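J.: Generate coordinates for the sequence data below:
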Amino acid sequence: MQGFLFLLLTILFSSGVALSMKAGNKPTVNLWQFLAVNYVVCTAGLIAWGAWKTLGDNSLFIWFLGIFTGVMYVLCLWLFNKAIRAEGLALSTTMMRLSSAIPTLGSLIFFSETTGFFQALGIALAFLCLPLASREPIRFRRSQRNTAHGILWGLLLFGAYGITDFVFKIQAELAPRADSKAFLATIFGTALILTLPRLKGLKRPGRDCLIWGTALGTTNVLATYFWVLALSHLPGAIAYPTLGLGVIAVTTLISLVFWKETLRPANYLFLAMACVAIFLINAGGA
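T.: All right, here's what the predicted structure looks like:
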């Protein structure tokens, strides 16, 4: 039960991350300044939360995982931008969402997790319905060369996001006693260091950048902290697809209610299928 509580909190705060990104997506807000404020809030918050006490006690393995994940955070953002330019937002976002198949399968293969029939059916349904969550139809470019180019960036994005997500499962299994705050401070601190060079020559961040960057950092660090706790209690085959579907469903409903966004018929079908998939995954894993 405690694991599902952590997972629920992860879904709520991860939805806050998505909504903060949406609110901060303004012409007056520079992306790199926005992300830098986020990483400063994450890193400073974790250090103030007590990470400074155990940061020096990190094993070489945890230092490696943290630095690697921080590098991958920045790389994933770069690949996402490249994929959007090559093949559009809809396909890029779908590839990013489908990437949770990597840690899900990794949990089953490398850590010998097992699934029942209904749980396996729910996992399959989860990935089947993810493309329906796109707010716009997925279209490929007419040029065969451009299509191949776009798919290449999409596959790189798929692999990078999936590997990055799988790191948290690796940490939960191979270094469960590591202090999660120190581990996360290493991740966000590395991402901050890599982001700082992009700020050279820019004007001071404006009010919107500071407000929404702070909101992003706060929700980001809490979502990641509870995610680490959730993975320490739940199998990855349950946690990963449930998180992915839960965040998309919550943010879609909030956008519908508060932003009055228009949904495609496929989006309503996604919501219905997502609810069934989450029920099957968690009921089957009980």
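
J.: where does the stretch 51-200 of the chain have low pLDDT?
T.: Along the stretch 51-200 of the chain, the model assigns pLDDT under 70 to residues 87, 89-90, 138-150.

J.: switch the cut-off to 80
T.: 84-92, 135-151 (pLDDT under 80).

J.: could you pull out the helices for it?
T.: 52-54, 60-87, 89-98, 101-110, 117-129, 144-174, 180-195 (DSSP state H, counting those that start in this stretch).

J.: now for the longest one, which elements pack on it?
T.: To tie it back to what came earlier, the one meant is helix 144-174. Under the contact criterion of 3 or more CB pairs under 8 Å, 6 or more residues apart in numbering; DSSP states H and E, helix 144-174 touches helix 60-87, helix 89-98, helix 101-110, helix 207-231, helix 236-258. C-beta coordinates here come from the backbone N, C-alpha and C atoms, glycine included.

J.: To residue 21, which of those helices lies closest?
T.: helix 207-231 (6.4 Å; CB to CB).

J.: Any buried residues in that closest one, and which?
T.: For helix 207-231, the neighbour count (16 or more other CB atoms under 10 Å) marks 209-231 as buried.

J.: avg pLDDT for that helix?
T.: Regarding helix 207-231, the rounded mean pLDDT is 96.

J.: Which secondary structure elements does that helix sit against?
T.: Packed next to helix 207-231, using 3+ CB pairs under 8 Å, 6+ apart, are helix 2-24, helix 31-46, helix 144-174, helix 180-195, helix 236-258.

J.: what angle sits between it and helix 101-110?
T.: Put simply, helix 207-231 runs at 20 degrees to helix 101-110, going by axes from the mean of the first three to the mean of the last three CA atoms, to 10 degrees.

J.: Just put the helices and strands packed on helix 144-174 in CSV and tack on distance to residue 171.
T.: Shown next, in CSV, are the helices and strands packed on helix 144-174 (distance: least, CB to CB, whole Å):
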stretch, distance to residue 171
helix 60-87, 6
helix 89-98, 21
helix 101-110, 12
helix 207-231, 7
helix 236-258, 12
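
J.: nearest to residue 20, of the ones you listed?
T.: helix 207-231 (4.0 Å).

J.: Out of the helices and strands packed on helix 207-231, which is closest to residue 127?
T.: helix 236-258 (7.2 Å).

J.: Convert the C-alpha atoms of that closest one to PDB, please.
T.: The C-alpha trace of helix 236-258 is given here as PDB (Å, rounded to 0.1, in the frame of the first residue of the first chain):
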ATOM      1  CA  GLY A 236       9.100  -1.800 -12.400                       C
ATOM      2  CA  ALA A 237       6.600  -3.600 -14.600                       C
ATOM      3  CA  ILE A 238       3.800  -2.100 -12.500                       C
ATOM      4  CA  ALA A 239       5.300   1.300 -11.700                       C
ATOM      5  CA  TYR A 240       6.600   2.400 -15.200                       C
ATOM      6  CA  PRO A 241       3.400   1.900 -17.300                       C
ATOM      7  CA  THR A 242       1.200   3.200 -14.400                       C
ATOM      8  CA  LEU A 243       3.200   6.400 -14.100                       C
ATOM      9  CA  GLY A 244       3.200   7.000 -17.800                       C
ATOM     10  CA  LEU A 245      -0.500   6.600 -18.200                       C
ATOM     11  CA  GLY A 246      -1.400   8.300 -15.000                       C
ATOM     12  CA  VAL A 247       0.500  11.500 -15.800                       C
ATOM     13  CA  ILE A 248      -0.900  11.800 -19.400                       C
ATOM     14  CA  ALA A 249      -4.400  11.100 -18.100                       C
ATOM     15  CA  VAL A 250      -4.200  13.700 -15.300                       C
ATOM     16  CA  THR A 251      -2.600  16.400 -17.400                       C
ATOM     17  CA  THR A 252      -5.100  15.800 -20.200                       C
ATOM     18  CA  LEU A 253      -8.100  16.100 -17.900                       C
ATOM     19  CA  ILE A 254      -6.600  19.300 -16.300                       C
ATOM     20  CA  SER A 255      -6.100  20.800 -19.700                       C
ATOM     21  CA  LEU A 256      -9.600  20.000 -20.700                       C
ATOM     22  CA  VAL A 257     -11.200  21.500 -17.500                       C
ATOM     23  CA  PHE A 258      -9.000  24.500 -16.800                       C
END
